[in-house]
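[1] 3D, please:
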Amino acid sequence: MAKIEKNAPTVEKKPELFNILEVDGVPLAVLSKELWDKICNFPARPDDLILATYPKSGTHWMQEILDMIQNDGDVEKCKRFPSLDRHPFLELKFPHKEKPDLEIALEMSSPRLIKTHLPSHLIPPSIRKENCKIVYVARNPKDCLVSYYHFHRMASFLPDPQNLEEFYEKFMSGKVTCGSWFDHVKGWWAAKDRHQVLYLFYEDIKKDPKWETEKILKFLEKDISEEILNKIVYHTSFDVMKQNPMANYTTLPTSIMDHSISPFMRKGMPGDWKNDFTVAQNEEFDKDYQKNMAGSSLTFRTEI
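    The predicted structure follows:
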């Protein structure tokens, strides 16, 4: 039985909009223990496609790619709803929605694309039992940290990050929502040897989006024409998505995400962490990285 502690004191909250449930030492943005029980018992279907990520690792980007693939490159179909309303998060409840995304998922027809930020050991057992295909995207931790910090600044449902120095310390110690980046990426890296997991890297997708999209197509056992493939790559590029209201989160009320503080789609370029890290932070980070990743075959590029 997972150990659950509600409102863990290590994560600060913005008033009324945020609730922390600590499960096996992992701080999660889950509304209640009752909702967590429903998550654990979530009835997966064999044709469910799961998109798993640590926050700010390309979740939104990969959702758009997968949505375009599932809709054979039909741009208008992929603009049917704003991004956040097209595919549910397994564990989240957003302030502007009447019910948790899990309940929305239960009402959806198949095939479903379901997103999650849960570490591998906390996903519902039914996902493994039904042998669902899982696409996991990992991003280098330096860019992930900076992007997560700015997201905390603009998203009302996340704790106030105070400043980058304080957020840096919390990120490095795993005291942020979804816990340790190190544990998350390593856990899913190990899971790929036991389950149907396609493990992708943000930096690889950025460097060669067509090649990585072809990997996804092969994993999903889906054939499309070269023309549609090129269309998918174009319409899921950062610059095009940033101008698409159905993909850039600008349709949300500013009370939920305030783009005047920081745009949701900020830069998306590997290596941007250099504009925020101090020399001392970078040196300290590299030491901690070597310690935490010792013995792992995982490697990350911090720029391309």
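
[2] in the chain, which spans are helices?
    In the chain, the helices defined using DSSP state H lie at 33-40, 59-70, 83-86, 101-107, 125-129, 141-154, 164-172, 181-191, 202-207, 209-219, 226-235, 238-242, 279-292.

[3] of all these, which lies closest to Lys77?
    Nearest of the helices of the chain to Lys77, taken as CB to CB: helix 59-70 at 8.2 Å. For glycine as for every other residue, the C-beta is placed from the backbone atoms N, C-alpha and C.

[4] check which helices and strands that closest one sits against.
    Under the contact definition 3 or more CB pairs under 8 Å, 6 or more residues apart in numbering; DSSP states H and E, helix 59-70 sits against strand 49-53, helix 83-86, strand 113-116, strand 133-138, helix 202-207, helix 209-219, helix 226-235, helix 238-242.

[5] will you turn those into TSV that also has distance to Ala280?
    Output for the helices and strands packed on helix 59-70, formatted as TSV (distance: least, CB to CB, whole Å):
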stretch	distance to Ala280
strand 49-53	29
helix 83-86	37
strand 113-116	35
strand 133-138	26
helix 202-207	25
helix 209-219	34
helix 226-235	39
helix 238-242	31
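
[6] still on that earlier bit, if I average pLDDT within each of the helices of the chain, which one is lowest?
    For these, mean pLDDT drops lowest on helix 83-86, to a mean of 80.

[7] list the contacts for the closest residue to Gly187 other than its chain neighbours?
    The shortest distance from Gly187 to any non-neighbouring residue, by CB to CB, 6 or more residues apart in numbering, is to Ser120 (4.2 Å). Taking CB atoms under 8 Å, 6 or more residues apart in numbering, we find Ser120 in contact with Ala52, His184, Gly187, Trp188, Ala190, Ala191.

[8] pLDDT wise, what is Ser120 at?
    97.

[9] can I get the contacts of Ser120 in TSV with distance to Arg112 and neighbour count?
    TSV is the format used below for these (distance: CB to CB, whole Å; neighbours: other CB atoms under 10 Å):
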residue	distance to Arg112	neighbour count
Ala52	14	27
His184	23	26
Gly187	23	18
Trp188	20	25
Ala190	25	14
Ala191	20	20
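
[10] quick check: the two most widely separated of those residues?
    Ala52 and Ala190, at 13.2 Å, using CB to CB across the contacts of Ser120.

[11] need the contact list for the closest residue to Leu90 other than its chain neighbours.
    Leaving aside its sequence neighbours, Leu90 sits nearest to Thr116 (CB to CB, 6+ apart; 4.3 Å). Counting by CB under 8 Å, 6+ apart, Thr116 touches Ile50, Leu51, Ala52, Thr53, Phe89, Leu90, Glu91, Ile123.

[12] kindly recompute the last result at 7 Å.
    Residues in contact with Thr116 (CB atoms under 7 Å, 6 or more residues apart in numbering) are Ile50, Ala52, Phe89, Leu90, Glu91, Ile123.

[13] let me know the closest of the residues you listed to Leu35.
    Leu35 lies nearest to Glu91 out of those, by CB to CB, at 7.8 Å.

[14] what about the closest one, how many residues nearby?
    The number of residues packed near Glu91 is 27, by other CB atoms under 10 Å.

[15] give the contact list for it.
    Glu91 makes contact with Leu28, Val30, Ile39, Thr116, Leu118, according to CB under 7 Å, 6+ apart.

[16] cool, Gly174 as well?
    Ser180, Asp183.

[17] ends of stretch 267-284, how far apart?
    The first and final residues of stretch 267-284 sit 25 Å from each other (CA to CA, to the nearest Å).

[18] keeping just the C-alphas, turn stretch 95-111 into PDB.
    Extracted in PDB, the C-alpha atoms of stretch 95-111 (Å, rounded to 0.1, in the frame of the first residue of the first chain):
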ATOM      1  CA  PRO A  95      -9.600  24.900 -11.700                       C
ATOM      2  CA  HIS A  96     -11.500  25.800 -14.900                       C
ATOM      3  CA  LYS A  97     -13.000  22.300 -15.300                       C
ATOM      4  CA  GLU A  98     -16.100  21.100 -13.500                       C
ATOM      5  CA  LYS A  99     -14.700  17.600 -12.800                       C
ATOM      6  CA  PRO A 100     -11.300  15.900 -12.700                       C
ATOM      7  CA  ASP A 101      -9.800  14.800 -16.000                       C
ATOM      8  CA  LEU A 102     -10.000  11.200 -14.900                       C
ATOM      9  CA  GLU A 103     -13.800  11.400 -14.900                       C
ATOM     10  CA  ILE A 104     -13.600  12.900 -18.400                       C
ATOM     11  CA  ALA A 105     -11.400  10.000 -19.500                       C
ATOM     12  CA  LEU A 106     -13.900   7.500 -18.300                       C
ATOM     13  CA  GLU A 107     -16.500   9.000 -20.500                       C
ATOM     14  CA  MET A 108     -14.400   9.100 -23.600                       C
ATOM     15  CA  SER A 109     -14.800   6.700 -26.500                       C
ATOM     16  CA  SER A 110     -11.800   4.600 -27.700                       C
ATOM     17  CA  PRO A 111      -9.100   5.000 -28.700                       C
END
